[in-house]
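Enquirer: take a look and give me a structure for this.
(chains A and B)
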Amino acid sequence: MSEETTTTSTAAEATTPKRRGRAPLSEGRRAERRLGWLLCAPAALIMVLVTAWPIIYSVWLSLQRFDLKFPDERQFIWFENYVTVLTNGYWWSAFGVTALITLVSVAIELVLGMALALVMHRTIVGRGLVRTSALVPYGVVTVVAAFSWRYAWTPETGYLANLFGEGAPLTEQASALGIIILAEVWKTTPFMALLLMAGLALVPNDLIKAAAIDGAGGWQRFTKVIIPVMKPAILVALLFRTLDAFRVFDNIYVLTSGAQDTSSVSMLAQTNLIKGLNLGIGSTMSVLIFIAVAIIAFIFIKLFGTSAPGSDNEGRR
Amino acid sequence: MAAFGATGTTKRKVGWGLINAVVVVYALVPMLWIVSLSFKTPGTINDGNFIPAEWTLENYQSIFSTDQFTRALFNSIGIALIATLIAVVFGTMAAYAIARLQFPGKRLLVGVSLLIAMFPQISLVSPLFEIERALGLFDTWLGLVLPYITFSLPLAIYTLSAFFREIPWELEKAAKMDGATPAQAFRRVIAPLAAPGVFTTAILVFIFCWNDFLFALTLTSTEASRTVPVALSFFTGDSQFEDPTGSISAAAVVITIPIILFVLFFQRRIVAGLTSGAVKG
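Expert: Residues are numbered from 1 along each chain as shown, chains lettered A, B, ... in the order given. Coordinates of the predicted model:
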């Protein structure tokens, strides 16, 4: 990245930051700061207003008995809601379902996504066609895809319904969860594959050639050379996908509406809020999900070490 | 990659062709199935065949015959366009500052937007529901535009700052040496180089807004601001004896068309945008 101070309107003199030792804050540096803050202010303001304020408000609501059906009974009750939620079987069932969907779908996506990334990276014939088709699931509205899967597995209507004998797969927990995972995997594998493909592009060809000359076979080159170099890209992809999978909502809403114990935590929180109009309990679940996601993110960032996005200096290439 | 595909023998080509065919089928089958359903007549919709035995346009006529779907389509397009426009403008400003200027707090901003990209959206649903009810934003366009902008800003900032870093800024200096004013240098030299990145970001943000279901389901309650994904899930058919499968499929096809067109025309750019933002960070 070039470092000269060139501002759009005030513009003019190039005071390189490298000479910053001379005067603590030259006129140009101060103008640059001001412009930087000015340009970032709208984005920062809207992000903080729409996330920070509601999350604080959410914590406040979660400490109250607050049911819109009985607004007169609104009252501050400290952590009673948390006790209610955390001792409730539905919550833990939803939590288990969410964790299961997250783990299984991300694991499958990693393997499939890596395979797809290698195909897209190395294919000789029809590269454009493959990349375009792989992007289709990314672009398609999740709800639309979910309807397609629902109809495909509906007895009599669907082409997949009788694949495993008679019965309605969406009305039994195990098969319904399998279908939800399938729908998630179909939708997001391409995204995983694209991130991994970008990582593949960063692997220097010379390194692979050198390994080949040293006698490493295809699998060895993959595990000993390509994977280690790609590690940051893999971790980024895994982090994004894990947190995304933990939020699973659209697919479940359309496929089972949470019946047969297939609710995710998002599904449960949304139901409590919209169907139950219970702001206290809904907010408590919101806060708990937020904490769970924060913990997952924290673990990943620890794993990342210095390769976390944003922790580097610009222009890493 | 020269190390692998040194020679393109016929056998190899056929092998790749097969693998590619698998990928294409995998990606397209669910979409073709919903297209097929949308063209089936009420009598044949339950036959389970992948290719309609009798073709009809009835389903498409029926969804456009009432206000319900057209109104939702209008809402979706309007809300997504407004959110995209604002997110891209604010995102461009912030990304330019991050890529080009030195100022304290830059790291913090990058960190905060990364946090928001990973934020569990459901955690905002309860408080936003209550706040928007109090402010009168519930069930309005603005009530959806605001969360959409917030959650697309990180995407916009990351993608755009990756694009901006690739621009050879020395060109700007060169133009000024040749006598251009700073405004001219920006408009004639930098803006054309930045335009493709901004455009790509706009498409990604639009896809994000078009796809949202959770906010649209929770923060709307009437046709005034309900978007198509939600309207779709509320379809009931003309009477209680009628199965809405056909109309849902037709509506699903209609709202998928714009995205498929984007993907077809801008495939290369979408790939570049997604990967540069995420990995080069």
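Enquirer: and for A:L243, the neighbour number?
Expert: 21 (other C-beta atoms under 10 Å in any protein chain shown). (C-beta placed from N, C-alpha, C; glycine too.)
Enquirer: which residues touch B:N46?
Expert: For B:N46, the contacting residues are A:156-157, taking C-beta atoms under 8 Å, 6 or more residues apart in numbering or on different chains as the criterion.
Enquirer: that one should be in a strand, yeah?
Expert: No - when classified by DSSP: H, G, I helix; E, B strand; the rest coil, B:N46 is found to be coil rather than part of a strand.
Enquirer: distance from the longest helix anywhere in chain B to the middle of the chain?
Expert: Using DSSP state H to define each element, chain B has its longest helix at helix B:67-100. Relative to the centre of its chain, helix B:67-100 is centred 10 Å away, using C-alpha atoms, centre = their mean, to the nearest Å.
Enquirer: and whatever helix or strand comes next after that helix, what does it pack against?
Expert: If you walk from helix B:67-100 toward the C-terminus, the next helix or strand you reach (DSSP states H and E) is helix B:106-117. The criterion is 3 or more C-beta pairs under 8 Å, 6 or more residues apart in numbering or on different chains; DSSP states H and E, and the helices and strands that helix B:106-117 contacts are helix A:27-47, helix B:67-100, helix B:141-166.
Enquirer: just give the closest residue to A:W149, not the sequence neighbours.
Expert: The spatial neighbour of A:W149 that comes closest, neighbours along the chain excluded (C-beta to C-beta, 6 or more residues apart in numbering or on different chains), is A:A183 at 4.7 Å.
Enquirer: give me the neighbour count for the one you found.
Expert: Using other C-beta under 10 Å, A:A183 has 26 other residues around it.
Enquirer: what do you get for B:L57?
Expert: Residue crowding around B:L57 was assessed by other C-beta under 10 Å; the count is 10.
Enquirer: what sits against the closest residue to it other than its chain neighbours?
Expert: Computed as C-beta to C-beta, 6+ apart, the closest residue to B:L57 that is not its neighbour in sequence is B:F39, at 7.6 Å. By C-beta under 8 Å, 6+ apart, the contact list for B:F39 reads B:52, B:55-57, B:59.
Enquirer: ok, B:F39 to B:I190 distance?
Expert: Relative to B:I190, B:F39 is positioned 49 Å away (criterion: C-beta to C-beta, to the nearest Å).
Enquirer: got the buried residues for the helix or strand harbouring A:A233?
Expert: If you go by DSSP H and E, A:A233 is part of helix A:227-246. Buried residues in helix A:227-246, counting neighbours by 16 or more other C-beta atoms under 10 Å in any protein chain shown, are found at A:230, A:232-246.
Enquirer: so that helix versus helix B:106-117, what angle?
Expert: Relative orientation of helix A:227-246 with respect to helix B:106-117: 60 degrees, computed using axes from the mean of the first three to the mean of the last three C-alpha atoms, to 10 degrees.
Enquirer: just the residues contacting helix A:227-246, thanks.
Expert: The set of residues that contact helix A:227-246 without belonging to it, under C-beta under 8 Å, 6+ apart, is A:98, A:101-102, A:105-106, A:109-110, A:113, A:184, A:188, A:191-192, A:195-196, A:198-200, A:202-204, A:207, A:265, A:289, A:292-293, A:296-297, A:300, A:303-304, A:307, A:309, B:117-118, B:120, B:278-279, B:281.
Enquirer: using CSV, write down the CA coordinates of the helix or strand following it.
Expert: Proceeding C-terminally, helix A:227-246 gives way to helix A:250-255 as the next helix or strand, assigned by DSSP H and E. Presented in CSV, the C-alpha positions along helix A:250-255 are these (Å, rounded to 0.1, in the frame of the first residue of the first chain):
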residue,chain,number,x,y,z
ASP,A,250,-34.7,-20.5,7.4
ASN,A,251,-34.3,-24.1,6.4
ILE,A,252,-35.8,-25.4,9.6
TYR,A,253,-38.7,-22.9,9.5
VAL,A,254,-39.7,-24.2,6.0
LEU,A,255,-38.8,-27.8,6.3
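Enquirer: now helix A:250-255, how far from the chain's geometric center?
Expert: Shown here is helix A:250-255, whose average C-alpha point lies 17 Å from the average C-alpha point of the whole chain (C-alpha atoms, centre = their mean).
Enquirer: tell me which helix or strand comes right after that helix.
Expert: Scanning forward in sequence from helix A:250-255, with DSSP H and E defining helices and strands, the next element found is helix A:265-274.
Enquirer: and that next one, what does it pack against?
Expert: Under the contact criterion of 3+ C-beta pairs under 8 Å, 6+ apart, the helices and strands touching helix A:265-274 comprise helix A:89-122, helix A:279-304, helix B:122-135, helix B:214-218.
Enquirer: what mean pLDDT does that helix get?
Expert: For helix A:265-274, the mean per-residue pLDDT is 92.
Enquirer: tell me what angle that helix forms with helix A:279-304.
Expert: For helix A:265-274 against helix A:279-304, the angle by the same axes, to 10 degrees is 160 degrees.
Enquirer: contacts for stretch A:164-174 next, please.
Expert: A:150, A:153-155, A:161, A:175-176, A:178-179, A:255-256, A:259-262.
Enquirer: ok, now with 7 Å
Expert: By C-beta atoms under 7 Å, 6 or more residues apart in numbering or on different chains, the surrounding residues in contact with stretch A:164-174 are A:150, A:153, A:155, A:175-176, A:179, A:255-256, A:260-262.
Enquirer: buried among those residues? Need that as a selection in ChimeraX.
Expert: To isolate the buried ones among those in ChimeraX, judged by 16+ other C-beta under 10 Å, type:
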select /A:150,153,175,176,179,255,256,262
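Enquirer: near chain B, which of the contacts of stretch A:164-174 show up?
Expert: Restricting those to those near chain B by C-beta under 7 Å from any C-beta of the partner chain leaves nothing, as none qualifies.
Enquirer: how far away is the spatially closest residue to A:F95 that is not a sequence neighbour from B:Y60?
Expert: By the measure of C-beta to C-beta, 6+ apart, the closest residue to A:F95 outside its immediate chain neighbours is A:V265, 5.8 Å from it. Taking C-beta to C-beta as the measure, A:V265 falls 38 Å from B:Y60.
Enquirer: compare these two (neighbour count), which wins?
Expert: For A:V265 versus B:Y60, the count of surrounding residues by other C-beta under 10 Å is larger for A:V265: 28 against 18.
Enquirer: nearest residue to A:L135 in space, please, no chain neighbours.
Expert: Spatial nearest neighbour of A:L135, excluding adjacent residues (C-beta to C-beta, 6+ apart): B:V263 at 4.7 Å.
Enquirer: contacts only, for that neighbour.
Expert: Contact criterion C-beta under 7 Å, 6+ apart gives A:132, A:135-136, A:139, B:270 as the residues in contact with B:V263.
Enquirer: same thing but at 10 Å, please
Expert: The contact partners of B:V263, by C-beta atoms under 10 Å, 6 or more residues apart in numbering or on different chains, come to A:131-140, B:203, B:207, B:270.
Enquirer: between the contacts of B:F39, which is nearest A:I274?
Expert: B:N59 (29.1 Å; C-beta to C-beta).
Enquirer: kindly state the pLDDT recorded for that closest one?
Expert: 88.
Enquirer: quick one: secondary structure of the residue nearest the centre of chain B?
Expert: The central residue of chain B, meaning the one whose C-alpha is nearest the mean C-alpha position (C-alpha atoms, centre = their mean), is B:I207 at 0.6 Å. For B:I207, the secondary structure call by three-state DSSP comes out as helix.
Enquirer: for chain B, name the helix or strand with the lowest mean pLDDT.
Expert: Taking mean pLDDT, DSSP states H and E as the measure, the helix or strand of chain B with the lowest value is helix B:182-185, at a mean of 84.
Enquirer: and that one, is it in reach of chain A?
Expert: Yes - using C-beta under 10 Å from any C-beta of the partner chain, we find that helix B:182-185 touches chain A at B:182-183, B:185.
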